[in-house]
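Chemist: here are the coordinates; sequence isn't available:
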């Protein structure tokens, strides 16, 4: 059983560009959450998707948007990239019907130059 | 607003010593608390999950306690090994599944 997978592993972009990150949840999971982790800090919640809708959102600007597909996979889009968007982006999956643990993917390291 | 604090920020111990990592949170209305391990530049590995109704959870050399009323959790790692060197993060979960993380404790176990 594959766990949570994310692509790409690393990404380098320049300021002003747009980026799309992808996540496939663990088998049997229907909820996907995205987190941003800056160097030396804990992950910060961006948003959560369930049934193809954004269910909860953290304190991030509208430049951050997402999508969930019928197969529960998800994308995170960031427009008009800023230097401060450089971070490790983590995807987590869980099953909405329980309060069980969330499983994280390996992350995508985004560098904005 | 929920705030999660982890003390100490960094810890260095000789191999064989027991590790004690602390986590505190300001809002006791949590659904569960999860402890994670993170190796440099990598994703998060779940270590233990404690439901809000539980006081303790154990897995091998790891033991985590939860005192919801005082807003505290402690992760104990017995007989530390160099392979335990990593950053340990605690996170509390709200009713929607959002995790609020602490900044982590960076642990170094020296041979």
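Modeler: Yep, that arrived. These numbers were taken from a predicted model, which means no experiment stands behind them.

Chemist: what ranges does chain A have for its strands?
Modeler: A:5-7, A:10-13, A:19-24, A:31-37, A:44-50, A:53-57, A:64-68, A:74-78, A:87-94, A:103-104, A:108-112 (DSSP state E).

Chemist: which regions of chain A lie under the pLDDT threshold?
Modeler: For chain A, the stretches flagged by pLDDT under 70 are A:1, A:98-99.

Chemist: show me what from chain B comes close to chain A.
Modeler: With CB under 8 Å from any CB of the partner chain as the criterion, chain B meets chain A at residues B:4, B:31-32, B:34, B:36, B:41-46, B:49, B:51, B:89, B:91, B:93, B:96-104. Quick note: C-beta positions are derived from backbone N, CA and C, even for glycine.

Chemist: just those residues: which are in helices?
Modeler: With helices taken from DSSP state H, there is no overlap with these.

Chemist: returning to that earlier point: how about the strands of chain A in CSV, adding distance to chain B and mean neighbour count?
Modeler: Formatted as CSV, the strands of chain A follow (distance: least, CB to the nearest CB, whole Å; neighbours: other CB atoms under 10 Å in any protein chain shown):
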stretch, distance to chain B, mean neighbour count
strand A:5-7, 8, 16
strand A:10-13, 10, 13
strand A:19-24, 11, 20
strand A:31-37, 6, 25
strand A:44-50, 5, 22
strand A:53-57, 5, 14
strand A:64-68, 14, 18
strand A:74-78, 14, 21
strand A:87-94, 6, 24
strand A:103-104, 4, 22
strand A:108-112, 7, 18
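
Chemist: out of those strands, which gets nearest to residue B:80?
Modeler: When those are compared by CB to CB, strand A:103-104 sits nearest residue B:80, at 23.6 Å.

Chemist: residue contacts, residue A:29?
Modeler: A:72, A:93, A:94, A:95, A:103 (CB atoms under 8 Å, 6 or more residues apart in numbering or on different chains).

Chemist: and it, how far from residue A:5?
Modeler: 12 Å (CB to CB, to the nearest Å).

Chemist: with residue B:40 instead?
Modeler: 20 Å.

Chemist: next: residue B:44.
Modeler: Taking CB to CB, one finds residue B:44 at 14 Å from residue A:5.

Chemist: ok, residue B:88 next?
Modeler: For residue B:88, the distance to residue A:5 - CB to CB - is 24 Å.

Chemist: go on, residue A:37?
Modeler: Taking CB to CB, one finds residue A:37 at 18 Å from residue A:5.

Chemist: same check, this time on residue A:75
Modeler: 13 Å.

Chemist: what touches both of the two?
Modeler: Common neighbours of residue A:75 and residue A:5 (CB under 8 Å, 6+ apart) are residue A:23.

Chemist: can I take it that residue B:6 is in a helix?
Modeler: No. According to DSSP: H, G, I helix; E, B strand; the rest coil, residue B:6 belongs to no helix; its state is strand.

Chemist: what sits against it?
Modeler: So residue B:6 contacts B:21, B:22, B:23, B:24, B:88, B:89, B:90, B:102, B:103, B:104, B:105 (CB under 8 Å, 6+ apart).

Chemist: do a quick rundown of the strands in chain B.
Modeler: B:4-7, B:10-14, B:19-25, B:32-38, B:44-51, B:56-59, B:62-67, B:72-77, B:86-93, B:99-101, B:105-110.
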